Every structure is written in structure tokens, then in C-alpha cells.
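Undergrad: What shape does this take:
(chains A and B)
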Amino acid sequence: MKKAFPILGILTFFLLSYALRQALVIAPTEQTMGNVQRIFYYHVPSAWTAFILFFVNFGASIAYLIKRRPTADIIALVSAEVGVVFCTVVLVTGPIWARPVWGIWWTWDMRLTSTLVLWLIYVSYLFLRRFSSSGETPLLAAALAVLGALCVPFVYFSIWFFRTQHPQPVMGGGGSIDPRMMHALLINWLAFSCFAFLVCWSRYRLEKLQRDVDHAHAMKSLLEPHGSGR
Amino acid sequence: MRQNPYLFAAYAATWIIHITYLITIVRRYSRLQREIDGLKK
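TA: Below you'll find the predicted structure:
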């Protein structure tokens, strides 16, 4: 397994480089927005990757609630944390794209607001994991994650059900997209998905090491001689 | 391709966020590795 990591890392690096070239050079320039539209090739794949990670968090949380396995708990934590990172990218690249196109950095429409709420829910999940020392923390976090996951389809379908400033979806939303743009979009999504997998793998190893250290500290304090009595 | 500051800012922000997160993982891993090596001694 350990040997696979650097190989996957190198493959991901080349895939990201290829995806970047697709986004900046190969994909045609959009007629209305011009080159700033190329933010699309980072913004949308980041959103899709975040949604997938939150779905993984949902599955792992359900598994933990049913089986109480530590591995499920670690996967839930890792996927939520990396999902928050990707969702942060979405919330940063979105306004940067909006400013030259809409003339505003932000608007409180359904898509943008629900994405921000989704981000806040998972940040609160991470705060709970970080600052709660109760033995029930994984259980409470898993319950919060199950509820938080309900937001993900709400965010995704918000532009179908509500009038929003945000553009309609390029896939399944009735709109059309140049095949070269679709190719660049899918390549970037694949590249970011591979990148997310590697980041999750690294974070998983970190969490395992953290728990080993905590366990070692606990064993050390148990085995240390106590202070002298009266 | 014409220079576009918003395009550059979005791509740069993306990688700054990802690289910052990766750096925190690496630093925490190194610290924990030193800690567990110390506990084993």
C-alpha cells in the first residue's frame, strides 16, 4: 500500500497538469464571459468533489452509528475535513468569478446561501470533533453528519427548484456545453478526485498516528508508578 | 491567452488553500512521529 502512494502521487500530478492545460489552453473561450469563464474548470469539479466527500462522510457516519467501528469514525472525520477544504475552494472561487460577471462578489440567493450553510454545518462538525473530549463525541458527530448530509441534495437541486442568480447546471439542466468544454470539465473533475483521494489517504494516516500516540500516552500513564501514599 | 487577474486569482487561491492544508498535515505528521519515537524510547 505504501508503495502505491508515491506512484499515485506522480500520476495525479501529471493528471492535474494535463487538466490545467485543458482548462487554460485547449478549452475554447466562452463567448459571453471570455477567459474568466475558465474558473468553471476549478469551481465545478471542486463542488462535485466536496459533495462526494460529504456523501462518504454520510456513509461512514451511518456505518459508525450501526457498527461503532473506529475505522468508520476515522473515514468520517477525514472525508468531512477534506470536504470542507474543497467546499472552501468553491466559496472562494465562486465570488472571484461572480465579481467580473455579475458585478457583485456575493448575493444571498438559494444556491450560494445553501452552500455557505453546508460549509458551516461541516465546520461545526469539525469543531465538535476538535473541541469535545467526551467519549460520546464520535457518536454525536456521526448524528450531526447524517443531518448535515441532507443539505447536500438541497444545495445541488436548489437551482432547479428556485430562481437563482447562479447559472443553470451544465449537465441535466437543459443547457448545452461545447464538447471540448465538457472534456476539460470532466478531466479536471477526475484530476481533483484523484487529488482528493490522496489527500484523504494522507489525512487518514495522520489520524491513525494521532490515535496511536494517544493510546501510547494512555498506556504510559497507566504503567507509570503513582506518587507515594501517606 | 489574455491576462485576466480574476482567473489568476481563482486558480492561485485554489492551490494556496490546498497546499496550506497539505503543509498542516505534513507538519502534524512529523510532530506526531517525533512524539511516538520519544514515547517508544
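Undergrad: So which bits of chain A are right by chain B?
TA: Counting by Cβ under 8 Å from any Cβ of the partner chain, chain A comes close to chain B at A:24-25, A:34-36, A:38-39, A:42-43, A:46, A:85, A:88-89, A:92-93, A:96-97, A:99-100, A:195, A:199, A:202-203, A:205-206, A:209-210, A:212-213, A:216-217, A:220. In this view, the C-beta of every residue, glycine as well, is placed from N, C-alpha and C.
Undergrad: Filter those down to the buried ones.
TA: A:35-36, A:38-39, A:42-43, A:46, A:85, A:88-89, A:92-93, A:96-97, A:100, A:195, A:199, A:202-203, A:205-206, A:209-210, A:213 (16 or more other Cβ atoms under 10 Å in any protein chain shown).
Undergrad: Next step: those residues restricted to strands.
TA: Of these, none are assigned to strands by DSSP state E.
Undergrad: Chain A contacts on chain B?
TA: B:1-2, B:4, B:6-7, B:9-11, B:13-14, B:17-18, B:21-22, B:25, B:28-29, B:32-33, B:35-36, B:39-40.
Undergrad: Now the buried members of these.
TA: B:4, B:6-7, B:9-11, B:13-14, B:17-18, B:21-22, B:25, B:29, B:32, B:35-36.
Undergrad: surely A:G34 meets B:N4?
TA: Yes: assessed by Cβ atoms under 8 Å, A:G34 is found in contact with B:N4 at 7.5 Å.
Undergrad: Grab the most central residue of chain A for me.
TA: For chain A, the residue nearest the mean C-alpha position is A:G83 (1.8 Å; Cα atoms, centre = their mean).
Undergrad: Three-state assignment for that one, please.
TA: helix (DSSP: H, G, I helix; E, B strand; the rest coil).
Undergrad: Can you tell me the closest non-neighbouring residue to it?
TA: Nearest residue to A:G83, sequence neighbours excluded (Cβ to Cβ, 6 or more residues apart in numbering or on different chains): A:L53, at 3.4 Å.
Undergrad: Neighbours of the one you found, how many?
TA: Look at A:L53: counted by other Cβ atoms under 10 Å in any protein chain shown, it has 27 neighbours.
Undergrad: and the helix or strand where it lies, what does it pack onto?
TA: Element membership for A:L53 (DSSP states H and E) is helix A:40-67. Where contact means 3 or more Cβ pairs under 8 Å, 6 or more residues apart in numbering or on different chains; DSSP states H and E, helix A:40-67 is packed against helix A:70-102, helix A:110-131, helix A:137-149, helix A:151-161, helix A:179-223, helix B:5-40.
Undergrad: Tell me which of those approaches A:I10 most closely.
TA: Counting by Cβ to Cβ, A:I10 lies closest to helix A:179-223 out of the helices and strands packed on helix A:40-67; the figure is 10.6 Å.
Undergrad: buried stuff in the helix holding A:L53?
TA: So, applying 16+ other Cβ under 10 Å, buried residues of helix A:40-67: A:40-54, A:56-65.
Undergrad: likewise stretch A:71-89?
TA: In stretch A:71-89, counting by 16+ other Cβ under 10 Å, buried: A:72-89.
Undergrad: what's the distance between that stretch and the middle of its chain?
TA: 6 Å (Cα atoms, centre = their mean, to the nearest Å).
Undergrad: Now tell me what touches it from outside.
TA: Contacts with stretch A:71-89, where a contact means Cβ atoms under 8 Å, 6 or more residues apart in numbering or on different chains, come from A:42-43, A:46-47, A:49-50, A:53-54, A:56-57, A:60-61, A:63-64, A:115, A:118-119, A:122-123, A:125-126, A:129, A:138, A:141-142, A:145, A:192, A:196, A:199-200, A:203-204, A:207-208, A:211, B:13-14, B:17-18, B:21.
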